[in-house]
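**Q** Dropping a prediction and its sequence here:
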Amino acid sequence: MPGTVAASTFTNKYLRAKVERPTVRPPAASEGLSMPSVNRLPMRALRRAPDIDLDGTWEFRLLPYEKEWRNVEVPELWTMREKNDPPHYLNVAMPFDEAPPVVPKHNPIGVYRRSVDLVPSSGRRTILHVGAAEGHLTVTVNGQVMGTSTDSHLAAEFDITDVVMAGSNTIELAVAKWSPVTYLEDQDHWWQSGLSRSVFLYTVPEVHLADVAVVADHEAGRGHLKVTVATTGLDHLREVGWSARIGVLGRTETRPINPRVVESGFTPPLSDRSQRPEPLGIPDGLMDLFSLKPAGAPIAEELRPTAERMMPPRAKAGTAVFTIDALDVAPWTAETPHLEDLLVELISPEGEAVDAARLRIGFRRVRIEGRDLLVNGERVLIQGVNRHDVDSRTGRVISRELMLAELSLLKRFNVNAIRTSHYPNDPVFLDLCDEIGFYVVDEADIEGHAFTTTLAHDPRYLPEFVERVSRMVLRDRNHPSVIIWSLGNETGYGPNHDAAAAWVRGADPTRPLHYEGAIAGDWHAGHAASDLVCPMYPSFEALTAFSADPRADRPVILCEYAYSQGNSTGGLAEYWRLFEGLPGLQGGFIWEFKDHALDPDGDGHYRYGGDFGDEPNDGTTLLNGVVFPDLTPKPALYEARGLFSPIRLTSGAEEARAGTLRLRNRQTFADLSAYDLQMRVEAEAGPAAVVTLTAPPVAPGAEAAIEVPDAIRALLDTALALTVTVHTRRDSVWAPAGTELAAHQITFPRQLPRLPRGTGTAPAELRHPLLRRTPRLSLWRALTDNDQSIALDNRFVRSGFFQLTPIDVHTDAATTTIRYRAAFGDEVVHTRTVTVLGEGDYLLAEHVTLPEGDRLRVGMDFELVEGFEQARWVGLGPWENYPDRRASALLGAWESPIDELAVPYLKPQENGTRGEVTELLVSGPAGTVRTVHATPLHMNVSRHSTSELETAGHWWELQPSGKTVVHLDVAHRGVGTGLLGPDTRPAYRLSQREYAWQWRLTLSTADGGGA
């Protein structure tokens, strides 16, 4: 743990408290905004290890509901268990009808109490550390109020030395749910309350290390280190005698602690005229030097020595500054996260090390040049996600194990950047980002979404803006993973932001600033608060136009894009075509990483807004992750995995058959020596000829050709595709050796099936023992969240295709024409010709005529009797894919249990489709059903009907089913991101009025009969 200081001087005993609780008073609006944080110690980057860990059993009661105390386990959020104050989900609106800075009259207060035995040590200070309190925190020790704090996602520390005593001591932490600064924490998340991070006690000497600030720069292959050591207890001394010592990279340096320097005043005029005064040697023009020097004006030769001595930079009292240049050290990047140990010690005048800290530091330089964000002089592509703290069982109480699991998953899917939306994360999270390798946009705990037009301009909130931003910077500035500071999110833009930005620019000029609100209305504006153009959910046309605009002068990194609510994230490949092909565009952060659904009971019944009686609410808007709450990846994350892969194939089918495969290293800093490549041939019969190769050490950004092994090459003439998978070569903290990181393909021209001619005709409505319902026209899918975007103006519901009523059936020879009336009167015509090929074997020719408009699917569906378990198909897979989210899908022969084909989006909707399917086989004890398609179709095999998916509010409400519903679509609309962002691109919408195709259906019962 960086910056850890260990000093155990306490005896820890868990005792019951017998003292009366002092009165806890919730914040009132009349107190204004000067009241939130009182007696809280300054924030620092230096972290201390616990002497007494206070996590565990505390007494608790929730006011005004409870009079009796009961035991709870800290850290915890009472909202995850209290029926009187459950979680409440809103996206924009506040959960009460007030305006800043008014505090609601109903303001629950959770009071945590416990006793601890202490043995105070003379000459040491006792500090209480509260890792995070969601709400307004009041700290009371032994009946005395020690201080208060707000900012729900940064630690608060209090010096309690003067009130603790030997023996039993009682600590109370009262958390009021609402305060005037609640309006700055209106993030798109559950409203929760409690103690969400660890609580502990530690001690420090009277004279101790106050902070350590590190600038570990890297340029031209060498490291440059600046370490500023600050102390407590020495800055008042004119003669100090103390020193600081650092050890790094085998070197040890010692510097004295700077003393207090008293500025000299002017010598008073001489009043004694009894004798001639001696000249003091003051040069003529002395006073002019005070302006000539800063103005850069010419200075007479004889005055230059005096000018050099005037106004020297003053070292801050109580500090020591170390500067070491030309260090032989490897740089830190997200691809090569190299860290070094730094030891900092405080040395007394007697030579004793009285305090010490160990930090892990990384040498790297971040800067912006023109339209490029550079790390160590190289332009990096930001393959990022937005991440909230969320655990379905505990809310925002996040364990180190879960953090590591999340980051490991992201690393395995080639994500290289994280935006801490919308507050600073636990420092342990940043430790892991340093170690594993992620670029981090560290975001301040400021979101006033419900009052975007007022808070940024309200001077009453100015101190809170600056304090929240500055405390984040002071805490996290030593983390190499943090490459950008963010001023918060969705709080409009005003002078409060500019003030916070000015502070950051002065305190840490080594990192650029980010704030979307500064550019939201004009991508060419907002330079005072944002060094990046960081829009939300931009259209492809806007990005293309801005890239070509000669006025553009900053990098474009999307703070939020590829909105992933439900079955979504269509168009991700289109974004990356622009990012990798146009100047000034440099990637972005997908919204978002994980669904925020809660499961406090642990029964698998994930819940969203409104499920806790929370009214009003924004329902399913928090189900927008690329992973489910249990970290199961959604198909959208596999799409990102392929696009973010460290390797990309650049050759085609002809070269592969000739024996050559070209690949490009997409990385910026590392060669490909960390990877193995596995080749296999995809054929209609299944995969064949698997060969593993060592990836050549291709330099970053370079290409190389590798030879296709003979065993592979011999099979390519009849292959569907050549698949190349990328695997880790060595074990790491985030993945064992052999972990698959990506899969790429070279596809070959497909030999589409030729459908035979039949010997007779059959009725359009087929009858067969395996068919519960005959194939019929299907134009509707269970609406996705994006299908219901307000921007689409109910266009799909207005089509009426959710209900097709036959109004006329006409048979002419072998052809049957059915005229349907949609729900609101529009007419659809379906013509079918059925040719008999054999017993239970049919050729179906379909023709559909539709009214004008945009639609969801065009195809057939049918239902089978129970007794089918397995599906095998030739087409795109293995995971779900749609026309605008298939760049990473693979062509081949795939097999899956039917029960595993569905994607259980927590709010049921269209799911599980696979495209480019030429053959489908569904099998089980009941028999087999095979379909063959001369035109590749979209296939969906499900246990639930479209109406069942649309009716259920939660996936867990769907009843287990043994039926099998098969959809085969000649056209299926893309999924887009239209709920918040671009709709499905025109190429993936369905605007044709006529569709025609043929397919073969062969049914065989278990006894071998076709009928």
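**A** Alright, I've got the coordinates. Small disclaimer: the values here were computed from a predicted structure and weren't measured. Residues are numbered from 1 along each chain as shown.
**Q** For residue 223, give me its contacts.
**A** 216, 217, 249, 326, 327, 328, 329, 331, 363 (CB atoms under 8 Å, 6 or more residues apart in numbering). C-beta coordinates here come from the backbone N, C-alpha and C atoms, glycine included.
**Q** Strands along the stretch 601-750 of the chain, start to end?
**A** Ranges of strands within the stretch 601-750 of the chain are 647-649, 660-665, 675-683, 686-694, 703-707, 721-728, 740-747, based on DSSP state E, counting those that start in this stretch.
**Q** Now do the same for residue 922: helix, strand or coil?
**A** State at residue 922, reduced to three classes by DSSP: H, G, I helix; E, B strand; the rest coil: strand.
**Q** Could you tell me how many residues sit around the closest residue to it other than its chain neighbours?
**A** Nearest residue to residue 922, sequence neighbours excluded (CB to CB, 6 or more residues apart in numbering): residue 929, at 4.6 Å. By other CB atoms under 10 Å, the residues close to residue 929 number 25.
**Q** please begin residue numbering at 895 from this point
**A** Sure, I'll start numbering at 895, so the last one becomes residue 1823.
**Q** Let me see the backbone angles for residue 1823.
**A** phi -130, psi 120 (degrees, to the nearest 10).
**Q** Over to residue 1695?
**A** phi -70, psi 0.
**Q** Verify the stated contact: it with residue 1673.
**A** Yes - the criterion here is CB atoms under 8 Å, and residue 1695 meets it with residue 1673 at 4.0 Å.
**Q** what is in contact with these two at once?
**A** In terms of CB under 8 Å, 6+ apart, residue 1695 and residue 1673 are both contacted by the residues 1722, 1749, 1750.
**Q** Just list the residues touching residue 1859, thanks.
**A** Residue 1859 touches 1755, 1756, 1757, 1758, 1834, 1835, 1836, 1837, 1838, 1839, counting by CB under 8 Å, 6+ apart.
**Q** For the protein, give the helix that spans the most residues.
**A** Longest helix in the chain by number of residues (criterion: DSSP state H): helix 1356-1370.
**Q** which parts of that one are buried?
**A** The neighbour-count check on helix 1356-1370 (16 or more other CB atoms under 10 Å) flags 1356, 1358-1370 as buried.
**Q** before we move on, what about stretch 1819-1835?
**A** By 16+ other CB under 10 Å, the buried positions in stretch 1819-1835 come out as 1820-1827, 1830-1835.
**Q** what helices or strands is the longest helix of the chain leaning on?
**A** Other helices and strands packing on helix 1356-1370, by 3 or more CB pairs under 8 Å, 6 or more residues apart in numbering; DSSP states H and E, are helix 1321-1330, strand 1333-1337, strand 1376-1380, helix 1389-1401.
**Q** Just tell me which of those ends up closest to residue 1209.
**A** Closest of the helices and strands packed on helix 1356-1370 to residue 1209 is helix 1389-1401, at 17.2 Å (criterion: CB to CB).
**Q** Next secondary structure element downstream of the closest one?
**A** Once the chain leaves helix 1389-1401, the next helix or strand it forms, by DSSP states H and E, is strand 1407-1408.
**Q** For the helix or strand just after that next one, buried residues please.
**A** Using DSSP H and E, the helix or strand that directly follows strand 1407-1408 along the chain is helix 1434-1442. Within helix 1434-1442, the residues scored as buried using 16+ other CB under 10 Å are 1437, 1440, 1441.
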